[in-house]
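Trainee: below are the sequence and a predicted model for it; my questions follow.
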Amino acid sequence: MYTITDNLRTPCQIDMEITTACNHKCRYCYNFWRHDPKQKSIVMSKETIDKIIDEIIANKVFNVVLTGGEPFLNYSVLLHGVRRLTQAGILVSCNTNLTLATKEQLQELKSAGLPHILTSLASYDPEMNDKIFNQKGSFVKVVKNIINAVGVGIKISINTVISRHSKDHVYKTGILAHALGASNLFLTRVVPSAACGEELSHEFVLKPGEYIPALDDAIRVKQETGITIGSLIQYPVCFLKDVEKYSDFLGRGCPAGKKMVCINANGETHACLHENKSYGNVLEIGLGGVWKNMKMWRDNSLIPQDCKKCKWLRWCEGGCRVYAQALNAPDFMCKGSTENMPDPVEDFKKSQHLVKDGMFKVRRGLRYREEEGFWLFHLVGAWITKVSSVDAAFLIERSQKDLVFTADALPGGKDVLADLLTKNIVVKVS
């Protein structure tokens, strides 16, 4: 059976919450604590974030997302974190609703090394957007600061959580996202929070078939504008069925506990930001201790039995583990057999035409680290690529010297090169 991960020594990505406070109360939010008025907000200090960043550096983490709550409510720590992580050679991003940012702050963050922001836009319609965000006037503020962020050179990704209200708004929302200068549009299904009542659950938990028209609308936006589309939560391959048409929505897998650790503002940790269980406090047992405690996410024990037999497991990883009755139960959107679907090996062979001839080059900004018997390569986001030791040595040397090479020169041959091309590790230059 395919192994989801190869027992990585440490996580590759950290999602770090620098405050639990937020100026929004989005109707779909996973932060269950915000619904308790007695719960006091936790604000991470510079001393605390420095301790955590020391752990991150020591464990050779590739990528850190600074999030909340709303991170701009703790702006001094946000700026400090961006500077420290950038200086350490770690890719940093920020998840924010963007309503509190000033143009001066965005410029300061860009100068400190912040290349990317993920923000939310619920709908192109201001009234619907503000209803879902539970904040009047939020649409105008988000739009203004998307423009400001793009203006100072920060790449913007827009996440649209699909709801019963806005499922027919995807096309116009996507067109607006592109017009504002966003690079990516993510269509994400909601994972109901622990405090989500029956009414909100009905509002955001759609029947599986109701997602298809929304995904089709996103594909139409991509065809017309060229914007990149996808989802922040894996759609099961057996739900999508047409792997060619919906290729933008598969293959991401779930990084929770396999590549990623989520750290709360008080140091408590989760494998997934949607779960309530803690795997220990990183300030007490370190990142290594936390990683060891969530081994269950990496040893296939959470993968449903039917999914373990699926030929598409490598690309799907069983869908979302939290979007189920239990962590080891099937994703509610799983539709059973993939028996009549194309073979993923044959599907992969379609990329082989890319490596028939020409010269190739490793993309700039490559990050890498050695594991037990293989290497990990990373360029952006949660995408991590496993590379054999012999291919890694070849690619690292050419990366360091900025050298081009032919397909025949790569030790792993054209199959490996095709995989590296589809994952944007290398690029064809001629």
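Mentor: Great, that's in hand.
Trainee: count of neighbours near the nearest residue to Ile42 once chain neighbours are set aside?
Mentor: Once flanking residues are discounted, Ile42 sits nearest to Ala265: 4.1 Å by C-beta to C-beta, 6 or more residues apart in numbering. No exception for glycine: its C-beta is placed from N, CA and C like everyone else's. Neighbourhood size, Ala265 [other C-beta atoms under 10 Å]: 23.
Trainee: which positions in stretch 151-160 come out as buried?
Mentor: Val152, Ile154, Lys155, Ile156, Ser157, Ile158, Asn159, Thr160 (16 or more other C-beta atoms under 10 Å).
Trainee: follow-up on the earlier one: the residue nearest to Ile42 against Asp15, yeah?
Mentor: No. If you go by C-beta atoms under 8 Å, Ala265 and Asp15 don't touch, sitting 11.8 Å apart.
Trainee: confirm for me that Phe332 is in contact with Arg321.
Mentor: No. Using C-beta under 8 Å, Phe332 is not in contact with Arg321, being 11.4 Å away.
Trainee: so for those two, which residue has more residues nearby?
Mentor: Arg321 (26 against 16).
Trainee: isn't there a helix covering the more buried one?
Mentor: No. Counting by DSSP: H, G, I helix; E, B strand; the rest coil, Arg321 is not found in a helix; it is coil.
Trainee: isn't it up against Leu302?
Mentor: Yes. Under the criterion of C-beta under 8 Å, Arg321 is in contact with Leu302, at a separation of 5.3 Å.
Trainee: overlap of the contact sets of the two?
Mentor: Overlap of the contact sets of Arg321 and Leu302 (by C-beta atoms under 8 Å, 6 or more residues apart in numbering) consists of Leu327, Asn328.
Trainee: mind listing what's buried in stretch 49-56?
Mentor: Ile49, Ile52, Ile53, Glu55, Ile56.
Trainee: going along the chain, name the helices of the stretch 201-350 of the chain.
Mentor: For the stretch 201-350 of the chain, applying DSSP state H, counting those that start in this stretch gives helices covering 208-225, 237-240, 282-293, 305-308, 313-316, 344-349.
Trainee: which parts of the fourth one are buried?
Mentor: Within helix 305-308, the residues that qualify as buried are Cys307, counting by 16+ other C-beta under 10 Å.
Trainee: and if you look at the fifth one?
Mentor: For helix 313-316, the buried set under the neighbour-count rule, 16+ other C-beta under 10 Å, comprises Leu313, Trp315, Cys316.
Trainee: format these as TSV; extra columns: pLDDT and distance to Met294.
Mentor: Formatted as TSV, these follow (pLDDT from 0 to 100; distance: C-beta to C-beta, whole Å):
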residue	pLDDT	distance to Met294
Leu313	85	20
Trp315	80	23
Cys316	84	20
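Trainee: let me have those residues in TSV, extended by distance to Gly381.
Mentor: Converted to TSV, the buried residues of helix 313-316 look like this (distance: C-beta to C-beta, whole Å):
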residue	distance to Gly381
Leu313	22
Trp315	17
Cys316	18
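Trainee: closest to Lys110 among those residues?
Mentor: Set against Lys110, the nearest of the buried residues of helix 313-316 by C-beta to C-beta is Trp315 (34.8 Å).
Trainee: longest strand in this protein, please.
Mentor: Counting residues, the longest strand in the chain under DSSP state E turns out to be strand 155-161.
Trainee: tell me the first helix or strand C-terminal of that strand.
Mentor: helix 170-180 (DSSP states H and E).
Trainee: just give me how far that following helix sits from the chain centre.
Mentor: 20 Å (C-alpha atoms, centre = their mean, to the nearest Å).
Trainee: and the helices in the stretch 51-200 of the chain, which stretches?
Mentor: Under DSSP H, counting those that start in this stretch, the stretch 51-200 of the chain gives helices at 75-87, 103-112, 126-133, 138-151, 170-180, 198-204.
Trainee: tilt between the fourth one and helix 103-112?
Mentor: Using axes from the mean of the first three to the mean of the last three C-alpha atoms, to 10 degrees, the direction of helix 138-151 lies 40 degrees away from that of helix 103-112.
Trainee: next, the angle strand 155-161 makes with helix 138-151.
Mentor: Comparing the axes of helix 138-151 and strand 155-161 via the same axes, to 10 degrees yields an angle of 150 degrees.
Trainee: so what secondary structure elements neighbour helix 138-151?
Mentor: helix 103-112, strand 116-120, helix 126-133, strand 155-161, helix 170-180 (3 or more C-beta pairs under 8 Å, 6 or more residues apart in numbering; DSSP states H and E).
Trainee: list the buried residues in the third one.
Mentor: Applying a neighbour-count criterion of 16+ other C-beta under 10 Å, the buried positions in helix 126-133 are Met128, Asn129, Asp130, Lys131, Ile132, Phe133.
Trainee: and those residues, which is closest to Leu85?
Mentor: Closest to Leu85, out of all of the buried residues of helix 126-133 and judged by C-beta to C-beta, is Phe133, at 28.4 Å.
Trainee: distance of the closest one relative to Glu284?
Mentor: 35 Å (C-beta to C-beta, to the nearest Å).
Trainee: burial count for Lys25?
Mentor: 12.
Trainee: give me the low-pLDDT residue ranges for the stretch 301-430 of the chain?
Mentor: Of all residues in the stretch 301-430 of the chain, those with pLDDT under 70 make up the ranges 345-354, 382.
Trainee: can you show me the strands along it?
Mentor: Counting by DSSP state E, counting those that start in this stretch, the stretch 301-430 of the chain has these strands, from start to end: 359-362, 367-370, 374-378, 384-388, 404-406, 426-428.
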